[in-house]
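> with the input below, show me the fold.
(2 chains)
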Amino acid sequence: MSVEETETMLNSTMQMCTFRMANRLFGVDILDVKEVNENTNITPIYHAPPDICGYINIRGQILLVVNLRETFGFDQRHKTEAVSGKVVVFKPSVDEPFGIMVDEVCDVVSIEQSRIVDRRANETNTSDAARELRRAKDGIVVGVCPLDRELLLVLNARHILGRQSVKSLDGK
Amino acid sequence: METDNDILAEYVEESREHLSHVEEIFESIQKTGEVKLSSINDLFRAIHTIKGSAGFLGLTSIGTLTHAMESLLDSLREGRLSVTQPISDALMEGTDMLSEMFDDVDKSNNVDVGELVTTLKGLNSGVDAPAAPAPAPQAPPAATAEPEKRSVADVLSQFPELAQYVPPEQAPAAKAAPVAPAPAEKAPKPAAPAANAPAEPPASSQEKHEEFLRIKVDLLDRLMMLAGELVLVRNQQLMHLEQADATLRSITQSLDSVTTELQETIMRTRMQPIGTVFSRFSRMVRDLSRKLGKKIDFVTEGDEVELDKNILEAIGDPLTHLVRNACDHGVEKPEERLAAGKSDTGRVTLCAYHESGQIHVDIKDNGKGMNREVIRRKVLEKKLKTEDELARMNDQDLINLVCLPGFSTATTLTDVSGRGVGMDVVKTGVEKFGGSVSLTSIEGEGSVVKLRLPLTLAIIPSLIVQSGDERFAIPQVNLEELVCLYDKDAFTRIECAGAREVFRLRDTLLPMVRLREALARERMFDEEALSEVTEQNSEARKEMDAKYKEAEDSGHSIHYSLNFAVLRSGNLRFGLIIDRIHGSEEIVVKPMHRAVKGIPLYSGATVLGDGKVAMILDATGLARHYNVRDVGGGKDSKKQKATAEDGTELRSLLLFSNGGSEQFGVSMQDVKRVEAIETAAIERVGSQEYITLDGVSTRVVRLEDGLRVQSSSQPENMFFLIPQNARKPYGLLVEKLIDSGHYEVKLNKESYQAEGVEGTALIKKKMTVLVNLEQLMHLVDGMWYGGQA
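Take a look at the predicted model:
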C-alpha cells in the first residue's frame, strides 16, 4: 500500500463525541469539541431567537448556549426553564465561543467516514430520522451513520450558528 | 516562509517607528532650541536604517530621499555644517514626506521626491537655502522624469562639490540596487546589517534606550484572559482555605498576591503614555500658527500619564479638533491680543492628570474666550433653540450649546475649522467610549475644555439592577439619578399621559419605561402595546391603592416601594422602572456574541462578582424599543418664565441645613455627588479632618470652618457633598439635606457678604445663603496652609 493510500485510510476514520437529545443520538467531530461542562446557571438573553438558551460563564469566559431541541423542533421547552446542564463547548476555531445544551453525554465513537450517509441521498426515505433531518435546515446535520443498535446523526458544529445570525427581530 | 509582502509590512512597521522617533527628536530640538550631537546621531541612524531596507525592497523613492537626508545629516554629524533653519525645515519636510509614503508604500515609487532631494543636496553642498533654487531648475526634471531609474548618484554627480563628502563607494551603493547599502556607511561604528534591522548599534544604545519587544495584541489579550481565569481559580482556593493548615494558608496567600500583581502587570502592558499623542500636536500648532498668522506657544503637561491603547487611539481625533479650535477660535491675532492688553503670544496647553480613577485631559487657551452674545445669536439664527428656552438657561447651559450639532460660530469658513461639526463630533466621539466633555470659558481670558476619560475601555463603572430574576448592568455614563418612591408615592406619583406613563420629576415630565415589560415583548412598542402596559399598571396601582387604604383602616400598614433610574441617551431622558437596585460595580465589558448581536437592548455582557453573567443594557436601544419620545418638550413651560429684568434666575439648587435654623444652598452643577456618612468615620489629623471614601482620604470641610454660621450639633449621620471639578479630594460636611430642585432665585448680594458666599435669596419663603463651593474650599484651604502659622 502506498503512503498516500494509508493516509486516506487514516483520514477516513473520525472520532465522534456523541450525546443524546430527546432520546436521539447525535455526534460531532471530537476535534471541534473543547470540553464538556456542567453549568445550570444560565442567564437568559431576552429577545434572542428561541433556540438560544442564554449565556453562561466558564472560567471567566462568556459562552453562548444553544438549545438544539428548539432548532430541530423536538419539543417546546421554554428556554428559561432549567435544563440538564450538560453543555458541549466547541473550540474557538469553530465559531465565536458557544456550546450546545444536551441531555446526556455518551461515548466517543470511531466511525469510518464512508459509513456516513449523506442526508440528501436519503431524501426519499420516510423513516423518522430522515424527517427530522429535513427539518434541520442549512446543513447542521451532515449525515447519518448506522451504529450497532441505532442511528447516529452527525452534526457539523460550524453550521449550528450559521443561520441564526441573520435572524432578525421582527417578531414571529 | 515569509512572503515579500510580510517582509514589506514588517519593514513599513519598523520604519514608522523610526520615523516617530525622528519626529520626537525634532520636537525636542524645537522645544529646547539646542542641538545635541547625540540627537544628530540618532537621526542619522534612524534614517540610515530606513534607507537600508528601502533599496533592498525596491522602494526607490524612499531610498533616494533617505539617502539625501542621510548625507545631509552626516555632514551635520561630522561638523561640516551646522544646523540652520532651512536645514531643519528640509529635514522635517523629508520626514513628513516619508511618513506619507509609508502610508501607501506600494505607490511610494510614484511620489516625486526630486525637488526635495535637490534642496537637501543643495543644503549639503554648503549652498545656503536661498541660493538653493539656482541649481534646482535643472535637477527636478532629471529626478522627476523617471524617479525609479534615476539614482541619487546621478543627481549627486551634478554637484561636484558634494564629491568630497560622499566617498566614491557610496554613490553606487546609493543606487537603488537590490543590495543593502550598508557598507556605504562610513560611521565610526561597525556598519549595521541594514537588511532587516531595528539594529540599534550597541555602542550608543546603552545610554538611553530601554529595551522594547514587539508583541501581538492577540497574545496580550490571551494573557489577560488567562490571568482572569487564574483569579477565579485563586478565589476557589481561598474559599476552601478554612479547612487548610497553616502551610497551605501561607502558600495560598502568596498565590493570592502574585496573582493580583500578575493581573495588574498584564493590564499595564496595554497602557501607553499620552505623550505619544500629545507630541504630534506641537507640530500641528506650529503649522497652524504660521497659517493663521498668530503667535502661539504650545505647552504639554503630564505626558507620562498612561492610558489604554484603544483609548489613546480614539482620542486622537477629538483632541485634534480641540487643539485646532483653540488655535483658530481661541487665540487671537497678535494685534488683537496687544489691544486687549495681553502679550502678543497666545498659549495653548494640553494637560493630562489622574483624578478619582479617571484620566482628565484639559485643553486650555488664553485667548478671547466664548462670547455669550455670539453664541446666543448663532443659536437663534440656526433655530437650534427658541428665545424662550435661551432665556431660561444659565451661563453654563449657554456655553454647552456649542456642542449642539450644527453649531459653529466661525464667521468665515477656514480650512482649519468652522464647518459647524467640531464640538458636536468631539462630544459624541468622547462619549462613545465612556468619557465626558465639559466646557468653561471666561470672556476675554480664555477657555478650558475638560475631557474625562476612563482608564481602560474594557472596564466601566455601572449600576447593577434587577428585574425578575435577572440582574442587569447599566453603564454609569447613562445614569443621571435614582429615584425611590415609598408607600403611597409608589402608586400615586406615576401618571398617565396618553398611552404612556410619566413621572413629574422636578417640573420635568419624564417618560417611564418598565424594564420587565420591555424584556417581555420582542416587538418594538407601538401605541397599542404601550396603552396595554399602561392600562395594566394603572389597574395594579388601583389595587395597591385599595389594599393600602384597607390596611390603613385596619390599623397596620403595608410598605410599597418603586425604584427607577433616570437614564439619558443623547438628549432623551427617561425613567427605567426596575425591581431592585443592587449597587455599583466595575464591570468588564464583553461584546455580544455574533448570533445575538442584533438585539438593540444590550450593548454587551459581563461576569458579575458571583460568577453569573449579566447583560449590559443599552439606554439608546432601550428607549428606541420602548418608543420613548420626549414628552412635551421636557419642561412645563408655563411655570418657568424667567423674568430676566428683575434679576430673577432659575437655578437648580441643593438646599441643606447645618444644624441650626439657617438654610443654605449650593448649585447642583457644582456638586458631583452626595454621600451619606457616619460621623464616627471622620478621622482627625492635626487640625484637619479626613474621611475615607472609595479608598481615598478626603478632606472634610465644615461650613463653620469658613463662614460665620452656627456649628453643627454632630449627629451620628451626616451628608458629605463632593464638589465637581475639584483638583484635591475634599468635600463639605452638612447635617441635613432639605430639598433639591429648580428655584427662582433673586440674588441679593448686599445683605450677607462673606467670602465663599454668592449671596442670599428667598427660597421656600426662607432666607437662604447660597454657598460658592469652590470659593469656600479655597478659603478654607488658604487658612489651613497660609493663615495659621
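
> which strands or helices does the strand or helix carrying B:H742 pack on?
B:H742 is located in strand B:736-746, with elements delineated by DSSP states H and E. Packed against strand B:736-746, as judged by 3 or more CB pairs under 8 Å, 6 or more residues apart in numbering or on different chains; DSSP states H and E, are the following elements: strand B:648-657, strand B:757-763. Placement of C-beta: from N, CA and C, glycine included.

> how about the helices in chain A?
For chain A, helices defined by DSSP state H occupy the ranges A:3-12, A:68-72, A:128-135.

> thinking again about what came up before, and the strand holding B:H742, how far from the chain's centre?
Going by CA atoms, centre = their mean, to the nearest Å, the spacing between the C-alpha centre of strand B:736-746 and its chain's C-alpha centre is 32 Å.

> can you tell me how far the residue nearest to B:L19 when sequence neighbours are not counted is from B:R280?
Among residues not flanking B:L19 along the chain, B:S99 sits closest, at 5.2 Å (CB to CB, 6 or more residues apart in numbering or on different chains). Taking CB to CB, to the nearest Å as the measure, B:S99 falls 11 Å from B:R280.

> could you do B:D303 as well?
Counting by CB to CB, the gap from B:D303 to B:R280 is 12 Å.

> do B:N41 as well
24 Å.

> the two: who's more crowded?
Neighbours per residue, other CB atoms under 10 Å in any protein chain shown: of B:N41 and B:R280, the larger number sits with B:N41, 19 against 15.

> okay, the helix or strand hosting that one in PDB with CA atoms only?
B:N41 belongs to helix B:37-56 when elements are defined using DSSP H and E. Written as PDB, here are the backbone C-alpha positions of helix B:37-56 (Å, rounded to 0.1, in the frame of the first residue of the first chain):
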ATOM      1  CA  LEU B  37      25.400  65.700  18.700                       C
ATOM      2  CA  SER B  38      23.700  62.600  20.100                       C
ATOM      3  CA  SER B  39      20.400  63.700  18.600                       C
ATOM      4  CA  ILE B  40      22.000  64.100  15.200                       C
ATOM      5  CA  ASN B  41      23.500  60.700  15.600                       C
ATOM      6  CA  ASP B  42      20.100  59.300  16.400                       C
ATOM      7  CA  LEU B  43      18.500  60.900  13.400                       C
ATOM      8  CA  PHE B  44      21.300  59.600  11.200                       C
ATOM      9  CA  ARG B  45      20.900  56.100  12.500                       C
ATOM     10  CA  ALA B  46      17.100  56.100  12.100                       C
ATOM     11  CA  ILE B  47      17.200  57.500   8.600                       C
ATOM     12  CA  HIS B  48      20.000  55.200   7.700                       C
ATOM     13  CA  THR B  49      18.100  52.100   8.800                       C
ATOM     14  CA  ILE B  50      15.100  53.100   6.800                       C
ATOM     15  CA  LYS B  51      17.300  53.700   3.700                       C
ATOM     16  CA  GLY B  52      19.000  50.300   4.100                       C
ATOM     17  CA  SER B  53      16.000  48.200   3.500                       C
ATOM     18  CA  ALA B  54      14.300  50.600   1.100                       C
ATOM     19  CA  GLY B  55      16.900  49.700  -1.500                       C
ATOM     20  CA  PHE B  56      16.600  46.100  -0.800                       C
END
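
> next helix or strand past it?
Per DSSP H and E, helix B:37-56 leads on to helix B:60-78 as the next helix or strand towards the C-terminus.

> contacting residues around A:D29?
Neighbouring residues of A:D29 by CB atoms under 8 Å, 6 or more residues apart in numbering or on different chains: A:14-17, A:156-157.

> partner residues bridging it?
A:M16 (DSSP bridges).

> which of the contacts of A:D29 tops the neighbour count?
Counting neighbours by other CB under 10 Å, the top entry in the contacts of A:D29 is A:M16, with 24 neighbours.

> can you give me the distance of that one to B:I691?
In terms of CB to CB, A:M16 sits 64 Å off from B:I691.

> for B:V437, same thing?
30 Å.

> go on, B:E13?
The separation that B:E13 has from B:I691, given CB to CB, amounts to 51 Å.

> more neighbours, these two?
Applying other CB under 10 Å to B:E13 and B:I691 shows that B:I691 carries more neighbours, namely 21 against 11.

> tell me the secondary structure of the more buried one, please.
strand (DSSP: H, G, I helix; E, B strand; the rest coil).

> which SSE is the nearest residue to B:S538 once chain neighbours are set aside in?
Once flanking residues are discounted, B:S538 sits nearest to B:C496: 6.1 Å by CB to CB, 6+ apart. Take DSSP H and E as the rule and B:C496 turns out to sit in strand B:494-497.

> just give the strands next to that strand in its sheet, each with its orientation.
When DSSP bridges is applied, strand B:494-497 pairs with strand B:500-505 (antiparallel).

> buried set for the partner strand?
For strand B:500-505, burial by neighbour count (16 or more other CB atoms under 10 Å in any protein chain shown) applies to B:500-503, B:505.

> one step back: tally of neighbours for the residue nearest to B:S538?
For B:C496, using other CB under 10 Å, the count is 15.

> hey, which helix or strand in chain B has the poorest pLDDT?
helix B:139-145 (a mean of 39; mean pLDDT, DSSP states H and E).

> for B:F503, list each beta-bridge partner.
With DSSP bridges as the rule, B:F503 is bridged to B:I494, B:L510.

> ignore the last one, B:R514
B:I577.

> verify the contact between it and B:A540 for me.
No - checked against CB atoms under 8 Å, the pair B:R514 and B:A540 is beyond contact range at 10.9 Å.

> correct me, but B:I29 touches B:I40?
No - B:I29 is not in contact with B:I40 according to CB under 8 Å; the separation is 9.4 Å.

> shared neighbours, the two?
With CB under 8 Å, 6+ apart, B:I29 and B:I40 have common neighbours B:V83.

> how about B:M767: what's its closest non-neighbour residue?
B:T760 (5.6 Å).

> tell me the buried residues in stretch B:270-284?
For stretch B:270-284, the neighbour count (16+ other CB under 10 Å) marks B:270-275, B:277-279, B:281-283 as buried.

> these two touch, right, B:N394 and B:E649?
Yes - B:N394 is within contact range of B:E649, at 6.7 Å (criterion: CB under 8 Å).

> those two: who's more crowded?
B:E649 (19 against 14).

> burial measure for the closest residue to chain A within the stretch 201-350 of chain B, as a count.
Across the stretch 201-350 of chain B, the shortest distance to chain A (CB to the nearest CB) belongs to B:G228, at 4.2 Å. Neighbour count of B:G228, defined by other CB under 10 Å: 16.

> which element is it on?
Per DSSP H and E: helix B:217-239 holds B:G228.

> tell me which residues are up against that helix.
A:59-61, B:252, B:255-256, B:259-260, B:262-263, B:266-267, B:269-270, B:309, B:588, B:611.

> how about a cut-off of 7 Å?
Helix B:217-239 is contacted from outside by A:59-61, B:252, B:255-256, B:259, B:262-263, B:266, B:269-270, using CB atoms under 7 Å, 6 or more residues apart in numbering or on different chains.

> looking at the residues you listed, state which has the most neighbours.
Neighbour-wise, the contacts of helix B:217-239 (other CB under 10 Å) top out at B:R270, 20 neighbours.

> so that residue touches B:E306, yeah?
No - look at B:R270 against B:E306 with CB atoms under 7 Å: they stay out of range, at 9.3 Å.
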